[in-house]
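Chemist: Pasting the sequence and the predicted coordinates here, then a few questions.
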Amino acid sequence: MPVAEYMALALGHPEHGYYMKGDPFGTDGDFITAPEIGQVFGELIGLWSAVTWQQMGMPDRTILIECGPGRGTLMNDLLRAAGTVPAFARTIEVHLVETSPALRDRQAGTLSGIGPVWHDTLDTVPDGPSILIANEFIDALPIRQIVRDNEDWAERCVGVAGGALRFVTSPVSDDLGAALPNNALPGDIFEFCPAAAAFIDQIAARFTGHPGAALFVDYGYARRAAGETLQAVRDHGYADPLTDPGEADITAHVDFGSLAAQAASLGCAVFGPISQAAFLRSLGIVERTTALLKNARPEQAQALQSATQRLIDPAAMGDLFKALVVAHAGAAAPAGFETQLAPGHRQDD
């Protein structure tokens, strides 16, 4: 079974899939995402969305989409901040792309009174001026792993040996190996995410007829290189991705460079990737934290400072996590990306 198929089943099997069985977020779960660390992250994304809406020409209807909305925490914080721009808030229709029944229930509780509409895929979200948020969404999409095997390329697969799951290889079923470097060494692994590429295709199609912007925040790299990033997390620690499938989160680092190049080739304006620290600092995370500290109790102050430090510290999430915006052709540089030279050019060009 190819790694991509194994990953898809381990995470999304209707009965046994990791995300289908419960709520994996928070200190009582397996991992903590940026919105769960502190309110400032979601608030800044809300203000970013308001500025983006203004740059889109202030349409009277805004399709606000979140893919992989977790517990609904980010959207809740986003909408609270968006409420400080009433003209924007009045235009919002909330659409959540979520396949997990358990997480949909949690989101409904968090967003009670909001009236979000849920979708299994982006395909059913209505057309119109759109702002899409995807925080730690792409990392959970299934990846293919192509391995250099002496003089040939092989697909990394999951098989059974000695009663346990093991990585094995199989001949590549397509011509993907032809696009890989000739000087790769035996054992080199290259990762590809066809689902992420298809997702960019969908976004580009949406932005052909309507203005819009999609913000991706995730951990990953700006340029593809040899190396394996497939990992599993359970109880806030690393686990073997082949042990107890369905009981741990399985992810891979996002190839931001490839996503940016693909979006640009489809006619979209592309901004980034830049580090999460640079993005959040530009949006004013330090200033917002300082303002919140003025009225915070000692225990709240400590939590606020700790949260902000974790989000922007290069040794924590600050450098590993990146921000990328894909927007309609001709879009102005969005908030946080003002130093970009021109639409369609990445900051690492």
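Modeler: Yes, it's here. Computed from a prediction, not measured in an experiment: that's the story for all the values here.
Chemist: any idea what sits nearest H328, other than its immediate chain neighbours?
Modeler: In space, and not counting its chain neighbours, H328 is closest to F207: 4.0 Å by C-beta to C-beta, 6 or more residues apart in numbering. Using the backbone N, CA and C atoms, a C-beta is placed for each residue, glycine as well.
Chemist: got the phi/psi numbers for the one you found?
Modeler: phi -80, psi 0 (degrees, to the nearest 10).
Chemist: where does it land on pLDDT?
Modeler: The confidence metric pLDDT takes the value 97 at F207.
Chemist: Show me where the stretch 1-150 of the chain has its strands.
Modeler: Using DSSP state E, counting those that start in this stretch, the strands of the stretch 1-150 of the chain run over residues 62-67, 92-97, 117-119, 130-135, 144-149.
Chemist: For G284, which of those is the nearest?
Modeler: Of all these, the one in closest proximity to G284, counting by C-beta to C-beta, is strand 130-135 (18.0 Å).
Chemist: quick revisit: want to throw the strands of the stretch 1-150 of the chain into CSV with distance to Q231, mean pLDDT and mean neighbour count?
Modeler: Shown next, in CSV, are these (distance: least, C-beta to C-beta, whole Å; pLDDT from 0 to 100; neighbours: other C-beta atoms under 10 Å):
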stretch, distance to Q231, mean pLDDT, mean neighbour count
strand 62-67, 21, 98, 24
strand 92-97, 23, 98, 20
strand 117-119, 28, 98, 16
strand 130-135, 18, 98, 25
strand 144-149, 13, 92, 21
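Chemist: Among those, which comes closest to R104?
Modeler: Closest approach to R104 among the strands of the stretch 1-150 of the chain (C-beta to C-beta): strand 117-119, 5.6 Å.
Chemist: Packing partners of that closest one?
Modeler: Applying 3 or more C-beta pairs under 8 Å, 6 or more residues apart in numbering; DSSP states H and E, one finds that strand 117-119 contacts strand 92-97.
Chemist: Please identify the pairing partners of the strand it packs on and their relative orientation?
Modeler: Take DSSP bridges as the rule and strand 92-97 pairs in its sheet with strand 62-67 (parallel), strand 117-119 (parallel).
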